[in-house]
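Novice: just a sequence and a predicted model for now, questions to come.
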Amino acid sequence: MELTAVYVQVPEGYVAFVEELAGANSQGATLDEAKENLQEAVELIVQANRELTEKAIAGKTVRREPFVPAV
């Protein structure tokens, strides 16, 4: 599965987001800056989701396994 980064040029630089990942958005004065900021935004979203999951399953018996979507 691949995710799609979208970069929209605006007067201030670029607005960036990932089509398939809600909340993954950023901006930058240059395209390179927007790309770096978007990478960081995605990493923070994944980290936050993992922390929320850990709290939700604390003390429960769980099974974890790799997941590859068939998209």
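Specialist: Great, that's in hand.
Novice: and Ala5, backbone torsions?
Specialist: Taking degrees, to the nearest 10, you get phi -90, psi 140 for the backbone angles of Ala5.
Novice: which ones are touching it?
Specialist: Ala16, Phe17, Val18, Glu19, Lys35, Leu38 (C-beta atoms under 8 Å, 6 or more residues apart in numbering). C-beta: built from backbone N, CA, C; applies to glycine.
Novice: how about the contacts made by the first one?
Specialist: Taking C-beta under 8 Å, 6+ apart as the criterion, Ala16 is in contact with Ala5, Val6, Tyr7, Val8, Asn25, Ser26, Gln27, Gly28, Ala34, Lys35, Asn37, Leu38.
Novice: ok, of those, which one's closest to Lys55?
Specialist: Using C-beta to C-beta, Asn25 comes nearest to Lys55 of the contacts of Ala16, at 24.7 Å.
Novice: list the contacts of that closest one.
Specialist: In this structure, Asn25 makes contact with Val15, Ala16, Phe17, Val18, Leu38, Ala41, judged by C-beta under 8 Å, 6+ apart.
Novice: could you rerun that using 7 Å?
Specialist: For Asn25, the contact set (C-beta atoms under 7 Å, 6 or more residues apart in numbering) comprises Ala16, Phe17, Ala41.
Novice: same thing with Arg64?
Specialist: Contacts of Arg64 (C-beta under 7 Å, 6+ apart): none.
Novice: from Ala29, how far off is it?
Specialist: Note on Arg64: its distance to Ala29, by C-beta to C-beta, to the nearest Å, is 40 Å.
Novice: over to Tyr7?
Specialist: 13 Å.
Novice: who has more neighbours, those two?
Specialist: Ranked by neighbour count (other C-beta atoms under 10 Å), Tyr7 and Ala29 place Tyr7 first, with 17 against 11.
Novice: what segments of the protein are helices?
Specialist: 31-57 (DSSP state H).
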